[in-house]
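Participant: how would this look folded up:
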Amino acid sequence: MSAIDELLSADTDTCVPTVGRNTLERNVRRRIETSEEYMRPKFARDLIWGSIDGTISPAAQYSLSAEPLPRPPPFELNNKAASKTIRDNPDLFKITCNINIKKFTELLEDHPNQPFVQSVLVGLREGFWPWADPQDAYPVTHNKPQHPPRNDRHHDFMLSQRDKKMRAERFSQPFDTLLPGMNVVPVHVVPKPPDDKLRLVVDHSAGLYSLNSMIDRQSIGGVKLDGIKSLGDSIRSFHASHADEFLSGTPLTLWKSDVAAAYRQMPMHPLWKIKQVVNIADKFSIDRCNNFGGRASQKIWWSFISLVLWIAVFKRSLEALKCYVDDHFSFSRTGDLEFYEKYEAFWPSDQVKLLQLWDEIGLPHEEDKQINGFCIPIIGFEVDPNAMTVTMSTAKRSELILACNLFTVHGARKTLRKFQRLQGWINWALNVYPHLRPALCQSYHKIIGKSRPSAPIRVNNTMRGELLWFIHHIANSDGIHMLKSVEWSPYDRMATTLIAYTDASAVGMGIWFPGEHGGFQCPLPTDGPKDLIFFYEALAVYSAFHLGAEYGCDRIAAYSDNTNTVDMFSSLHAKPAYNPILMSAIDFGINHSIATKVYYVPGKQNVIADHLSRFQNMKALQLAPKLRICNFQPPRDAMGVVEK
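Facilitator: Numbers count the residues shown, from 1 in each chain. Reported below is the predicted structural model:
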């Protein structure tokens, strides 16, 4: 019996007025489609797939509706000191741009959003303005104090980076004296994990008069990057429409191409360059280009590359092309190769088409950053278009497990900074292991109210248990499956879905399986938490999962009239007292290969489960005469007591 049949049967069983089946089914579907039941769980993030309306990426369509880019405001145009310095020193403020603007313009002649196109072309010719709105209180000339290099290695690295950027004409030639209107931005050196390499940081956020403080965050919103979700949509669509190829063993090749020094390809307006002065070894240089540390830097780059994407997708037929900042990725049939003369190699034909477009418009790239294969890293995760999986690489997974293990030592004390670093790392991993979010519960609870980065915090037994649980699952999981991680409704006809209604009262818990005419009840456990009715609402849902597995099903949809319970299972986020229930529910789903969801039902529609929870069996039987009532014991694994 399908889930919709279960509900219809249940409605009839509960003395619903006599109506035609078609009318009843329409009413049920209308109720579903106007509810939140089709919404994906909050914890799933982007890596859950539904119906595919189109495979053209959001990134490729961004330029179709984007607003034109701004030019310098009147306040800046009237800055006499800066304008005179720029006018008197044209060599310092020259426009550095590798893009073949003439060819780029020709390729965009038929773009439907010409105001946006023209604003980007003006930026390439005259330099971009980063949505900044400086105030009168900002000094006209400002020399921010510098942090001296920590050692000779850092000092030599800074000099080598300055010389490298000068050769590329992204830095001006050094000069000795700060001129009127100039603003010095602090620079320093940081290590670049995981190896011992160094990186030069230009800090646009440092100080009271920082460059980033001039830019309103709201003005630089709206950027639409492609993620694994968009790539997965295209792969799933290709699988569905070319099933015969996969049955015959014809695999897909995934490929990725990277733009060299992406942000730095964009020139900045002279009135912004004059604010991007760097001081290295007591010599000043003008930073002429878009800088990675700028608040608007991503939107400037994205405004340009979105137009390149439009050309590639809509004019060069690379319909499955995706882009995340400077990484472009897609897939091709294995064996569909083309010789690329520049690198003297046969590569996937679509990858060659993209590189040839980049060559046409002067967008630089390097051979070692262009990769392809059956399984390659995309945005930090390993994607296999044939196995249809997204996971962490073995090396990155081992590093994360090692970091977690350092927190599981008895008596361990870690600083707030190390807590936050581990939380960030685990949060990143949740992109491919979204069900494991409860592993962060106690970790976050431990740092509430803490603000000193170096203050030690004790790792308690509960947090140790959550991390060990997390380690166990990521060590045994192969990540997200694109074919399995799909949106579903209780009323899909393509799977066996069991529906349960659950409730808890002051005296007990009740569970009703309408399609099976099964009713279950038990008193509240004597050793459970006191005065936490929400705990038993959640425990009733988890108990329904266990009882439902005995009926044999692919999915279980549990209904609860407690919104806290519904939110808890949708977000997989709970206070420590309830977290064991979430962890146990996730273990259940993994061990039994049963998908579960929890939905809200108004209390007046949950009367049978309510009667069962109060042991009002005669009232339940009056509403559902075929009901068979049994006792049950809640699973003990969800009854853990959290350490205070």
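Participant: please make it C-alpha for all contacts and neighbour counts, starting now.
Facilitator: Will do.
Participant: and stretch 141-149, how far from the chain's centre?
Facilitator: 36 Å (CA atoms, centre = their mean, to the nearest Å).
Participant: hmm, I typed the wrong one, I wanted stretch 103-116.
Facilitator: For stretch 103-116, the distance to the chain centre is 31 Å (CA atoms, centre = their mean).
Participant: what are the contacting residues of it?
Facilitator: For stretch 103-116, contacts defined as CA atoms under 8 Å, 6 or more residues apart in numbering pick out 63-69, 117, 121, 307, 311, 360-361.
Participant: do stretch 431-442 as well
Facilitator: Looking at what lies outside stretch 431-442 - CA under 8 Å, 6+ apart - the contacts are 43-47, 390-392, 423, 426-427, 430, 462-463, 466-467, 469-470, 473-474, 479-480, 572-576, 579, 582-583, 586.
Participant: next one: stretch 446-456
Facilitator: Contacts for stretch 446-456 (CA under 8 Å, 6+ apart): 413-417, 419, 457.
Participant: likewise for stretch 187-207?
Facilitator: Contact with stretch 187-207 is made by 144, 146-149, 154, 157-158, 161, 185-186, 210-213, 278-280, 291, 293-295, as judged by CA under 8 Å, 6+ apart.
Participant: repeat that for 6 Å
Facilitator: 186, 210-212, 293-294 (CA atoms under 6 Å, 6 or more residues apart in numbering).
Participant: taking these one by one, which sit in helices?
Facilitator: Among the contacts of stretch 187-207, DSSP state H puts none in helices.
Participant: nearest to A81, of those residues?
Facilitator: L211 (18.0 Å; CA to CA).
Participant: number of residues surrounding the closest one?
Facilitator: 25 (other CA atoms under 10 Å).
Participant: so the closest residue to it other than its chain neighbours, which of the three states?
Facilitator: Nearest residue to L211 in three dimensions, chain neighbours excluded: H204, at 5.3 Å (CA to CA, 6 or more residues apart in numbering). Following DSSP: H, G, I helix; E, B strand; the rest coil, we place H204 in the coil state.
Participant: measure the closest residue to L64 other than its chain neighbours to L69 for me?
Facilitator: Nearest residue to L64, sequence neighbours excluded (CA to CA, 6+ apart): N113, at 5.6 Å. Distance of N113 to L69, computed by CA to CA, to the nearest Å: 12 Å.
Participant: quick one: low-confidence residue ranges for the stretch 1-150 of the chain.
Facilitator: 1-41, 43-54 (pLDDT under 70).
Participant: for it, what spans make up the strands?
Facilitator: Listed in chain order, the strands of the stretch 1-150 of the chain (DSSP state E, counting those that start in this stretch) span residues 142-143.
Participant: S584 belongs to a helix?
Facilitator: Yes: applying three-state DSSP, one finds S584 inside a helix.
Participant: pull the number of nearby residues for it.
Facilitator: Count around S584 with other CA under 10 Å applied: 18.
Participant: kindly report the same for G519.
Facilitator: Neighbour tally, G519, other CA under 10 Å: 26.
Participant: just confirm I511 is within a helix.
Facilitator: No: read with three-state DSSP, I511 is strand and lies in no helix.
Participant: pretty sure it sits against I608.
Facilitator: No: if you go by CA atoms under 6 Å, I511 and I608 don't touch, sitting 8.3 Å apart.
Participant: these two: which is more packed in?
Facilitator: I511 (33 against 29).
Participant: bridging residues for the closest residue to the more buried one other than its chain neighbours?
Facilitator: Of all residues not flanking I511 in the chain, T502 sits nearest, at 4.5 Å (CA to CA, 6+ apart). Per DSSP bridges, the residues bridged to T502 are I511, S560.
Participant: and T502, how many neighbours?
Facilitator: 34.
Participant: got the contact list for V278?
Facilitator: V278 neighbours (CA under 6 Å, 6+ apart): 184-185, 284-285.
Participant: distance of it relative to S213?
Facilitator: Taken as CA to CA, the span from V278 to S213 is 18 Å.
Participant: and what of A240?
Facilitator: For A240, the distance to S213 - CA to CA - is 49 Å.
Participant: show me which of those two is the more surrounded one.
Facilitator: Neighbours were counted for A240 and for S213 using other CA under 10 Å; S213 has more, 17 against 11.
Participant: picking that back up, which single one of the contacts of V278 is nearest to L627?
Facilitator: V185 (74.5 Å).
Participant: so what's the closest one up against?
Facilitator: Contacts of V185 by CA under 6 Å, 6+ apart are 276-278.
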